[in-house]
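> Sequence and predicted structure below; questions after.
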Amino acid sequence: MAQKTIEEIINSEVILSVEDLVIKFNLRGKELTAIRGASLDLHKGESLAIVGESGSGKSVFNKSFMGLLDANGRIESGSIIYKGQDLSKYKTEDEWIKIRGKEIAMVFQDPMTSLNPLKTVGKQVQESIELHQNLKGEEAKKLAIEILNDVGITEPERRYKQYPHEFSGGMRQRVVIAIAVACNPNILICDEPTTALDVTIQAQILQLLKNLQDKYDLTIIYITHDLGVVANVADRIAVMYAGDIIELGSSEEVFFDPKHPYTWALLSSLPQLGIKGEALYSIKGTPPNLFKEIKGDAFAPRNPHALKIDFVERPPYFEVSPTHKARTWLLDSRSPKVEPPLLIKKMQEMGAKRGDIID
Amino acid sequence: MINDKEKLLEVKNLKVEFGKRNKKFVAINDVSFNIYKGETFGLVGESGSGKTTIGRAIIRINPAASGEIIYKGKKISGKIDAELDKELTRKIQMIFQDPMASLNERAKVDYIVSEGLYNLKNYGSEENRKKLVEEALSEVGLLPEFASRFPHEFSGGQRQRIGIARVLVMEPELVIADEPISALDVSIRAQVINLLADLQKQKGLTYLFIAHDLSVVRFISDRIAVIHKGKIVELAETEKLFDNPLHPYTKSLLSAIPTPNPRVERNKKIEIYDPKKSHFDYDQYPPHWVEFEPEHFILANERELEGYKLK
């Protein structure tokens, strides 16, 4: 399978365009701003990874594309353009039903809880075929068996009649993926698709998703906090912090030449980069309280490289390359030159070295 | 160097079974290893491999069907007298995986941390107990005031610190940490790993670290045992295991570790472990647990051992 180059991706059609999205929730009489003006263009056929810690808003951001926000949440401003329509203006379930499944489908995190224990696995796949592909009865069943086969379930005819409890964790995740693919969507959102799985199974599921992407011409968004998964699957990476995308670039750019101090900190705290016997790098403090208005760069209070302006004014995006941008004042030409931490330099060297060999 | 070290815990031919008669399931089968005083011993395996069961057998939640567990020269599996029981309850402690599920929601932190003390009634006066709780909380980086709060007021990382505080208050020697950081975010993970390492240095603790994430285990463990379907298949010093894995299952597990490097990840080849193909006729030549070279143990039969030697 040929990996797409970053140029091919950037030049392909924009399938989903989010602009200045603000999402708020009402909680116990107070207002929480979960997404603070995030923008993102999704290109057809790409694999985009959205990386962030719990509470960074990565799940809320993606749920808003499918009208799955909780009842106390609302889109305050901004737009989500898909096929010429602004999804952020959708109000009724009738409108959303045209998008959900058919256009944008989701693979949920935990295969143990996202299947119906009272229905056979085959019926659950068939259900989404009947709902979204206008097939009925035997025809739908035939396609369901075919899709079960596609997701790597052996003896699909026999497995079709079995219940979820008869499947292992990895096999259940395959079923969940089968259900999403059976809707024949354009965009597939995978919310932590392998977090609940063992490493060996994890690798298989990622390979499966890549194969399906080719076969069904899918655009995939991976939501994850596991940077190993990201390195494996992503063409581009968006790093989220406190409800905003603070850095966006190709996989190579974000891993080997990150610009935002939060991305530095996130990569530095990986045990794979740590030196045994020494303390692992850890980010001080906690993420900001989203009930309060955030001034300047949200990461500034935890950032040892913070400039004065980081506490006053929110940084705009600075372009590093046509495919790479980051929201940090460090990239402003007027700001002092700040060297990235040692571990990030190590990554940069790694990136430069291997690049020579490949070219 | 390790040979001079004191054996804190010896596990000999341990077998743990669940169920009765024809429904019997052997969760742990003929497992032997030692844990030296002051080291971090990593136990790695997939879900269902039995790694947690071993931890639970050591802390005496799951009884051993056969074999022995020896702590500081004394047998602790099977029937033991009340005094030893009390001593072990204090000296062997466990940190659990999910800090969201393992703390009593209805109890204040003060009670959660003191529960072990209440059980053993060894804290002397009420004043002294409060002091012990405060000390434990400050050792894990929490404020003493937190004692009067409930678990839901804390974040995941803070809750795991409470889980560690309730272990420390017992002044244990051996701490069994069962996936203590799997449920935490990357940056919080680093904080908890550092905390565990600091506490080990200060208090000379010995850790049995149970996990499925090999990159974390590599970072903190002195030695690693790999377990597959109730049997330990390989055991060696950490870097030796990573440099020279012998057992095909270890190789497959190592090949699957995610690396934060897109170029490596894209070209990664995963070795698939298939017991039927990977091993030389186990029905006729059953495998044994052998010390292949000093401190490097492996489960293999004679033919396989010869193959390993040739390399």
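Received the coordinates, thanks.

> Going by C-alpha atoms from here, please, whenever you check contacts or count neighbours.
Will do.

> got the buried residues for the host helix or strand of B:Glu239?
Following DSSP states H and E, one finds B:Glu239 within helix B:238-243. Buried residues in helix B:238-243, counted by 16 or more other C-alpha atoms under 10 Å in any protein chain shown: B:238, B:241.

> So what touches it?
For helix B:238-243, contacts defined as C-alpha atoms under 8 Å, 6 or more residues apart in numbering or on different chains pick out B:218, B:221-224, B:235, B:254.

> one more time with 6 Å, if that's ok
For helix B:238-243, contacts defined as C-alpha atoms under 6 Å, 6 or more residues apart in numbering or on different chains pick out B:222-224.

> nearest to chain A, of those residues?
The nearest member of the contacts of helix B:238-243 to chain A, counting by C-alpha to the nearest C-alpha, is B:Asp222 at 9.7 Å.

> pretty sure that closest one contacts B:Gly38?
No: judged on C-alpha atoms under 6 Å, B:Asp222 makes no contact with B:Gly38 at a distance of 9.8 Å.

> re the thing from before, mind checking how far the helix holding B:Glu239 is from the chain centre?
18 Å (C-alpha atoms, centre = their mean, to the nearest Å).

> Helix or strand next in line after that helix, which one?
helix B:248-255.

> is chain A contacted by that next one?
No: using C-alpha under 6 Å from any C-alpha of the partner chain, helix B:248-255 never reaches chain A; the gap is at least 6.5 Å.

> Could you export that helix as PDB, keeping only the C-alpha atoms?
What follows is helix B:248-255, C-alpha atoms only, in PDB (Å, rounded to 0.1, in the frame of the first residue of the first chain):
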ATOM      1  CA  PRO B 248       9.200 -16.400  19.800                       C
ATOM      2  CA  TYR B 249       6.400 -15.000  21.900                       C
ATOM      3  CA  THR B 250       8.700 -12.400  23.500                       C
ATOM      4  CA  LYS B 251       9.900 -11.500  20.000                       C
ATOM      5  CA  SER B 252       6.300 -11.000  18.800                       C
ATOM      6  CA  LEU B 253       5.500  -8.900  21.800                       C
ATOM      7  CA  LEU B 254       8.600  -6.700  21.300                       C
ATOM      8  CA  SER B 255       7.900  -6.300  17.600                       C
END
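
> Mind listing residues that contact that helix?
Where contact means C-alpha under 6 Å, 6+ apart, the residues beyond helix B:248-255 that reach it are B:245, B:270-273.

> What of stretch A:114-128?
A:140-141, A:144, A:160-164, A:179, A:183.

> JSON lines for these, including neighbour count, secondary structure and pLDDT?
Listed next are the contacts of stretch A:114-128 as JSON lines, based on neighbours: other C-alpha atoms under 10 Å in any protein chain shown; DSSP: H, G, I helix; E, B strand; the rest coil; pLDDT from 0 to 100:
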{"residue": "A:Ala140", "neighbour count": "21", "secondary structure": "helix", "pLDDT": "94"}
{"residue": "A:Lys141", "neighbour count": "21", "secondary structure": "helix", "pLDDT": "95"}
{"residue": "A:Ala144", "neighbour count": "28", "secondary structure": "helix", "pLDDT": "95"}
{"residue": "A:Tyr160", "neighbour count": "20", "secondary structure": "helix", "pLDDT": "94"}
{"residue": "A:Lys161", "neighbour count": "13", "secondary structure": "coil", "pLDDT": "94"}
{"residue": "A:Gln162", "neighbour count": "16", "secondary structure": "coil", "pLDDT": "94"}
{"residue": "A:Tyr163", "neighbour count": "19", "secondary structure": "coil", "pLDDT": "95"}
{"residue": "A:Pro164", "neighbour count": "24", "secondary structure": "helix", "pLDDT": "93"}
{"residue": "A:Ile179", "neighbour count": "28", "secondary structure": "helix", "pLDDT": "94"}
{"residue": "A:Cys183", "neighbour count": "23", "secondary structure": "coil", "pLDDT": "92"}
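
> any idea which of the residues you listed is closest to chain B?
Each of those was scored against chain B by C-alpha to the nearest C-alpha, and A:Pro164 proved nearest at 17.8 Å.

> measure that closest one to A:Ala196 for me?
Taking C-alpha to C-alpha, to the nearest Å as the measure, A:Pro164 falls 16 Å from A:Ala196.

> Who are the contact partners of A:Tyr241?
A:Ser56.

> For it, give the beta-bridge partners.
A:Asp244 (DSSP bridges).

> and it, how far is that from A:Arg302?
Taking C-alpha to C-alpha, one finds A:Tyr241 at 12 Å from A:Arg302.

> Likewise for A:Ser250?
26 Å.

> and the stretch 51-200 of chain A, which residues reach chain B?
So the stretch 51-200 of chain A meets chain B at A:53, A:198, A:200 (C-alpha under 6 Å from any C-alpha).

> Let me see the backbone angles for the first one.
This means A:Glu53. phi -90, psi 170 (degrees, to the nearest 10).

> ok, now which ones touch it?
Here A:Glu53 is in contact with A:225, B:185 (C-alpha under 6 Å, 6+ apart).
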